[in-house]
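1. Take this sequence and fold it.
(chains A and B)
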Amino acid sequence: MLPSFNLFGLVLPIPILTIVAGIWISLSTAEKFCQRNAINADTLYNLVFAALISSAVTARLTYVVAYPKIFLSDPLSLISPSPGLLDPWGAAAGGVIALLISIQRAKLTIRTVLDALTPALAVFAVAIHLSNFASGSDYGIASNLPWAVDLFGMQRHPVQLYEAAGAILLLTYFMQTWRIPTSQPGRDFILFTAATSAARLFFEYFHADSPLVAGQFRLFQIGA
Amino acid sequence: MPIFQIKFRPVFAITILILGLFWIWVSRTTPTSQDRLAIQAPHQGFLAPQFELKNETGETMALTDFRGKIVVLNYWASWCPPCRAEMPAMEAASKDYQGDGVVILGINAASQDSSQASQTFIAEMGLTFPILFDQLGAVGGLYQVSALPSTFFIDRDGVIREVVIGGPISASHLRISIEQLIGVK
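-> Numbering: from 1, shown residues only, chains lettered A, B, ... in the order given. Okay, here's the model as predicted:
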């Protein structure tokens, strides 16, 4: 696990910094490939920011609905920057709904927007895996290979780095194809989703903390 | 141009499906082969590292003394402003959830704090929950504390369920995390 930066009393853990940097680089990358999908960069930024703001609000509101008494006794917690009070499912639902509404209002098609967002998703996937490596989350099974990392009491596969390397390979491939104009809207997104799912299916084998289904099958493999 | 001709697509799809199912079968595991519940580590899902420290009267207390209870382990120092800011919420939660088998356990980073300053801090804040003194910084090392305050939520089986690095933790966050653990019986 990597340490945290302490900036004027504000603790900035490296995993969160990695995610923030990932969002920034993702959007910069998406901006470069915007014209290929006939979307204005400003429009794309507006769509993403609407989705991000909406997901933050619904992530917090999900907790408020579940624990109203606690928030009533401490209303300032509504705007607390604590990531622990953000529900991931609430965030996903809010983000998707806001994105769909924004797409409709901008008179765009879902397929075109998803294609335009694919470069951002590809870069963000790399950031997620690096963030997991920094935090020690999604850790690997025991290994005695020379590149195994000492984590949580034993030498383990650095599975987060395997996944980051896989995501970088995918990104490199897509960076080439994204320069070629597309004739099938939605193709980039579907290919990216399929390739990411295949990578997850393969690398999940190396995870030591997989949620299980029926006591022995790995949930994320089945999902992939 | 499509990647595959139409007539090959079903064959390709079925092959991918079979390979996927084969890999899922090969990758199957069991909860006992997932080693985390047998290992002590300062991370979510692992057993909380065991330790023994002395309290202000010199009495030795161990984390195992609290097995069967929910423990909120809060690592603090008197000179740390976020530690000061979150302490009233800790004290209030300690009183409110005492009946639910919840213990707030303060660990003073005594190796980085003066004894007089920490005693003044405890008196000023009116803290009534147990406070232990990490004179050598051993527990800070064991829990890999990289920032103050750091809070670890430990369930009744001694497993860490949440780690909050930095602060101040909001009263709502503290109470919700405790209630989630109370709900898991």
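2. how about the strands of chain A, start to end?
-> A:4-7, A:10-13, A:149-151, A:154-156, A:212-213, A:217-218 (DSSP state E).
3. Check which helices and strands the fifth one is in contact with.
-> Read it as strand A:212-213. helix A:219-223 (3 or more C-beta pairs under 8 Å, 6 or more residues apart in numbering or on different chains; DSSP states H and E). For glycine as for every other residue, the C-beta is placed from the backbone atoms N, C-alpha and C.
4. next one: the helix it packs on to chain centre, how far?
-> The chain centre lies 17 Å from the centre of helix A:219-223; the measure is C-alpha atoms, centre = their mean, to the nearest Å.
5. Kindly report the same for stretch A:163-180.
-> With C-alpha atoms, centre = their mean, you get 16 Å for stretch A:163-180.
6. Go through that stretch and flag the buried ones.
-> For stretch A:163-180, burial by neighbour count (16 or more other C-beta atoms under 10 Å in any protein chain shown) applies to A:163-164, A:166-168, A:170-171, A:174, A:178.
7. low-confidence ranges in the chain?
-> The chain I'm using is chain A. Along chain A, segments meeting pLDDT under 70 span A:1-12, A:178-179.
8. wrong chain, I was asking about chain B
-> Looking at chain B by pLDDT under 70, you get B:1-7, B:31-37, B:184-185.
9. please redo it, this time with the cut-off set to 80
-> Flagging of chain B using pLDDT under 80 yields the residue ranges B:1-9, B:30-38, B:167, B:184-185.
10. That one against chain A: which residues are in contact?
-> B:20, B:23-24, B:26-31, B:34-36, B:39-41, B:43-46, B:81-82, B:144, B:146-147, B:162, B:164-167, B:169-173, B:175-177, B:179 (C-beta under 8 Å from any C-beta of the partner chain).
11. Now, the residues you listed that are in strands?
-> Reading strands off the residues of chain B next to chain A with DSSP E, I get B:162, B:164-165.
12. residues contacting the residue lying closest to residue B:131 once chain neighbours are set aside?
-> Spatially, and ignoring its direct neighbours in sequence, residue B:131 is nearest to residue B:106 (4.0 Å; C-beta to C-beta, 6 or more residues apart in numbering or on different chains). Counting by C-beta atoms under 8 Å, 6 or more residues apart in numbering or on different chains, residue B:106 touches B:74, B:76, B:90, B:127, B:129-132.
13. Make CSV from the residues you listed and add secondary structure and neighbour count to it.
-> Converted to CSV, the contacts of residue B:106 look like this (DSSP: H, G, I helix; E, B strand; the rest coil; neighbours: other C-beta atoms under 10 Å in any protein chain shown):
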residue, secondary structure, neighbour count
B:74, strand, 25
B:76, strand, 26
B:90, helix, 24
B:127, coil, 17
B:129, coil, 17
B:130, coil, 19
B:131, strand, 21
B:132, strand, 23
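14. Pull the most distant pair out of these.
-> B:90 and B:132 (14.2 Å; C-beta to C-beta).
15. how about the helices in the chain?
-> Answering for chain A, as no chain was given. Using DSSP state H, the helices of chain A run over A:14-32, A:41-66, A:68-73, A:88-105, A:110-135, A:159-177, A:187-203, A:219-223.
16. nope, chain B
-> Under DSSP H, chain B gives helices at B:9-26, B:81-96, B:115-125, B:138-142, B:171-183.
17. Quickly compare the ones you listed and say which is most buried.
-> Greatest average neighbour count among the helices of chain B goes to helix B:171-183 (a mean of 20), per mean count of other C-beta atoms under 10 Å in any protein chain shown.
18. Let's see that one as PDB, backbone CA atoms only.
-> Extracted C-alpha coordinates of helix B:171-183, given in PDB (Å, rounded to 0.1, in the frame of the first residue of the first chain):
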ATOM      1  CA  ALA B 171     -20.800  12.200  12.800                       C
ATOM      2  CA  SER B 172     -23.100  10.700  10.200                       C
ATOM      3  CA  HIS B 173     -20.300   8.600   8.600                       C
ATOM      4  CA  LEU B 174     -19.300   7.300  12.000                       C
ATOM      5  CA  ARG B 175     -22.900   6.400  13.000                       C
ATOM      6  CA  ILE B 176     -23.800   4.800   9.700                       C
ATOM      7  CA  SER B 177     -20.700   2.600   9.700                       C
ATOM      8  CA  ILE B 178     -21.500   1.500  13.200                       C
ATOM      9  CA  GLU B 179     -25.100   0.800  12.400                       C
ATOM     10  CA  GLN B 180     -24.100  -1.200   9.400                       C
ATOM     11  CA  LEU B 181     -21.900  -3.400  11.600                       C
ATOM     12  CA  ILE B 182     -24.600  -3.700  14.300                       C
ATOM     13  CA  GLY B 183     -27.000  -4.900  11.500                       C
END
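19. Which other helices and strands does that helix contact?
-> helix A:68-73, strand B:70-76, helix B:81-96, strand B:102-108, strand B:150-154, strand B:160-165.
20. go again using 7 Å as the cut-off
-> Counting contacts by 3 or more C-beta pairs under 7 Å, 6 or more residues apart in numbering or on different chains; DSSP states H and E, helix B:171-183 is packed against helix A:68-73, strand B:70-76, helix B:81-96.
21. For these, give me TSV that also has distance to residue A:79.
-> Below are the helices and strands packed on helix B:171-183 laid out as TSV (distance: least, C-beta to C-beta, whole Å):
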stretch	distance to residue A:79
helix A:68-73	11
strand B:70-76	23
helix B:81-96	15
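22. okay, now the residue lying closest to residue A:37 once chain neighbours are set aside: neighbour count?
-> Among residues not flanking residue A:37 along the chain, residue A:116 sits closest, at 4.2 Å (C-beta to C-beta, 6+ apart). Under the neighbour criterion other C-beta atoms under 10 Å in any protein chain shown, residue A:116 is assigned a count of 27.
23. Touching, residue A:116 and residue A:30? I think so.
-> Yes: assessed by C-beta atoms under 7 Å, residue A:116 is found in contact with residue A:30 at 6.3 Å.
24. can you list residues touching both of those two?
-> residue A:44 (C-beta atoms under 7 Å, 6 or more residues apart in numbering or on different chains).
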